[in-house]
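Peer 1: Turn this into a model:
(one chain, ligands or ions: 2)
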Amino acid sequence: MLSVILPAYNEEKMIGKAAETVGGILSGADIAYEIVFVNDGSKDRTWEEIERTAAQDAHIVGVNFSRNFGKESAMLAGLANASGDCCAVMDCDLQHPPETLIEMYRLWEQGYEVVEGVKRTRGKESALHRASAGMFYKIISGAVKIDMTRASDFKLLDRRAVDALLSMPERNVFFRALSSWIGFRTTSVEFDVQERTEGESKWSTWSLVQYAVKNIVSFSTVPMQCVTVAGVFVLLMAVILAIQSLVKYFSGHAVEGFTTVILLILIIGSVIMISLGIIGYYIAKIYEEVKERPRYLISKRIGGEKRPAEEEKN
Ligand code: UDP
Ligand code: MG
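Peer 2: Ligands and ions are numbered 1, 2, ... in the order given. Alright, predicted model coming up:
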């Protein structure tokens, strides 16, 4: 059986539509399936919509979070509550074309354990957005050592890969990179990002910046190495300046220039403060991890069979 996991945050208009479209396509292709909706603490009637569709359709499982925990947590909760032999994760706004699920499923039948959806085109975006996304994925690709520039959260995972993902102890999960990191027999299918038909994107520019910083830190220590590089650079400059100052001093005219002193203090001061900020951010993340709080809390679950994994600590 294929479990399709759909995280939903304020998607009241999309629930019925998504269930209908995905269900229609999968039953048309003769694939046994269940649909797992995870309501990520929506402020609208998303949960009521999930309950309504679940009452009419036995294929539907609903998981309700106690509050908004973010998409990454919602996807993991969906995986933990799915009982399929393979699980597909996709957006509930149908921006990931459900027809691609069939292609992914066929590849899984051929023995692939991870089928990644990669974006053929990135859809409509501003040039700035494109450039910053490019830089972000460059850093992440370097950290995972896999090209992630076209990666998405649309993927199909074999039960073994799902269990591997669920066994990861970390709280701060970056799903699309982690699913590459676990390895397994992997292939990819291309898809075109669709236009959103109802509702709106949950991402503001600021939330994307936060998302990028958080995920870079969760996957890479490059920012901290930048601190070291900056330190070495400043040291080199210091040696050059010191030699110049000493030569001048001994040749009879001491370095004049209050300006130099002020500049040096300002530059070095800001480099030190930025470095402390970077290190502080990592410490904050370590603090979050050692608290070992659960990634999400479920207030209600409907439909389907309860999987033992759910009782385990998530
Ligand atoms: N989503 C979620 N929790 C959040 C934000 C988003 O579960 O806190 C879900 C949302 O309902 C959708 C998917 O994540 O199914 C992608 O969100 P969105 O369409 O806003 O992102 P975009 O497609 O613009 O990248
Ligand atoms: Mg979307």
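
Peer 1: Show me what from the stretch 1-150 of the chain comes close to ligand 1.
Peer 2: Counting by CB under 6 Å from any ligand atom, the stretch 1-150 of the chain comes close to ligand 1 at 7-9, 11, 40, 68, 70-71, 74, 91-93, 95. From N, CA and C alone the C-beta is placed, and that goes for glycine too.

Peer 1: Which members of these are positioned in helices?
Peer 2: Of the positions in these, 71, 74 sit in helices, assigned by DSSP state H.

Peer 1: Tabulate the residues of the stretch 1-150 of the chain next to ligand 1 (a markdown table), appending distance to residue 304 and neighbour count.
Peer 2: Output for those, formatted as a markdown table (distance: CB to CB, whole Å; neighbours: other CB atoms under 10 Å):
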| residue | distance to residue 304 | neighbour count |
| --- | --- | --- |
| 7 | 16 | 27 |
| 8 | 16 | 27 |
| 9 | 21 | 22 |
| 11 | 20 | 27 |
| 40 | 18 | 28 |
| 68 | 23 | 17 |
| 70 | 23 | 18 |
| 71 | 21 | 20 |
| 74 | 17 | 28 |
| 91 | 21 | 20 |
| 92 | 17 | 27 |
| 93 | 23 | 23 |
| 95 | 25 | 18 |
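
Peer 1: nearest to residue 271, of the residues of the stretch 1-150 of the chain next to ligand 1?
Peer 2: residue 70 (32.7 Å; CB to CB).

Peer 1: show me the residues around the nearest residue to that closest one once chain neighbours are set aside that make contact.
Peer 2: Leaving aside its chain neighbours, residue 70 sits nearest to residue 40 (7.0 Å; criterion: CB to CB, 6 or more residues apart in numbering). Residues near residue 40 by CB atoms under 8 Å, 6 or more residues apart in numbering: 7, 8, 9, 65, 68, 69, 70, 71, 73, 74.

Peer 1: go with 10 Å
Peer 2: Residues counted as contacts of residue 40 (CB atoms under 10 Å, 6 or more residues apart in numbering) are 7-11, 46, 63-65, 67-75, 77-78, 92, 202, 296.

Peer 1: Same question for residue 194.
Peer 2: By CB under 10 Å, 6+ apart, the neighbours of residue 194 are 91, 93, 94, 95, 96, 97, 98, 123.

Peer 1: near ligand 2, from the residues you listed?
Peer 2: Residues of the contacts of residue 194 in contact with ligand 2 (CB under 5 Å from the ion): 91, 93, 95.

Peer 1: quick one: least confident helix or strand in the chain?
Peer 2: Within the chain, judged by mean pLDDT, DSSP states H and E, the helix or strand with the poorest mean is helix 127-144; its value is a mean of 80.

Peer 1: Run a quick neighbour tally on residue 85.
Peer 2: 14 (other CB atoms under 10 Å).

Peer 1: Ok, residue 1 next?
Peer 2: Residue 1: 13 neighbours (other CB under 10 Å).

Peer 1: And it, how far from ligand 1?
Peer 2: Residue 1 sits 22 Å away from ligand 1, going by CB to the nearest ligand atom, to the nearest Å.

Peer 1: how far away is that residue from residue 33?
Peer 2: Between residue 1 and residue 33 the distance, using CB to CB, to the nearest Å, works out to 6 Å.

Peer 1: just residue 176 next, same as before
Peer 2: Using CB to CB, one gets 23 Å for the distance from residue 176 to residue 33.
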